[in-house]
Structures are given as structure tokens and as C-alpha cells.
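Participant: sequence unknown, structure follows:
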């Protein structure tokens with residue numbers, strides 16, 4: 001008997017190894033998506049329950065919401081994408097001035 005574990009993947013055929021790798025990758029992706037959704041829910045709860053103490057804090061909340069909006073826009077909606085981009089530029093410019 002040996003103290004080292006046996007790597008069973010080496011004893012499988014190539015198709016089985018690829019299938020195992022795909023299952024592992026899919027499980028990792030699903031776990032990462034679940035964790036991301038939990039972190040997003042936590043962030044959104046904090047954004048809703050903690051009032052902004054300054055304009056810059058309110059802009060952080062607006063930036064998050066605008067990113068959600070922009071992500072839902074169709075690719076061909078360049079006009080609204082340009083408006084969101086212009087607003088982000090305004091946020092950056094105004095935060096530098098203050």
C-alpha cells in the first residue's frame with residue numbers, strides 16, 4: 001500500500017478524461033455564478049438600506065444601476081449606450097472638480 005493517492009484520470013480514456021474535465025469546469029462555473037449572485041444580492045441590499053451621505057456616494061449607486069441598465073441594452077442601441085457613457089464621463093469630471 002502507498003501513501004500517495006492514485007490519479008484515476010490517467011487510467012481513463014481520452015473521451016472520459018475530457019468529459020470529466022468538462023463536468024469539473026461546469027461545476028466551477030456554476031459555483032462561481034452562485035457566489036456572484038450572492039455577492040450582488042448583498043451589495044444591492046446594502047445600496048438600498050444605507051442612505052448616501054454625499055453626492056459621490058449617490059453617484060456610486062447611480063453608476064451601479066446604470067451599469068445594470070447598459071448591460072440590458074441591445075448592442076444596436078448605440079444612442080442609449082452613448083448617453084450612459086456620457087453620464088459616466090460627467091461623473092468622473094465632476095468628482096475630479098470637487
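Facilitator: That came in fine, so what should we check first? The shown structure was predicted, so the numbers you read here are calculated from the model rather than taken from an experiment.

Participant: So what's the residue count around the closest residue in space to residue 52 that isn't next to it in sequence?
Facilitator: In this structure, residue 52 finds its nearest non-sequential neighbour in residue 58, 4.0 Å apart by C-beta to C-beta, 6 or more residues apart in numbering. The C-beta positions use only the backbone N, C-alpha and C, and glycine is treated the same way. For residue 58, the number of neighbouring residues by other C-beta atoms under 10 Å comes to 12.

Participant: Secondary structure element for residue 58, which one?
Facilitator: Using DSSP states H and E, residue 58 falls within helix 55-72.

Participant: Tally up the residues packed near residue 17, please.
Facilitator: Neighbours of residue 17 (other C-beta under 10 Å): 14.

Participant: secondary structure element for it?
Facilitator: Applying DSSP H and E, one finds residue 17 within helix 14-49.

Participant: helices or strands next to that helix in the packing?
Facilitator: helix 55-72 (3 or more C-beta pairs under 8 Å, 6 or more residues apart in numbering; DSSP states H and E).
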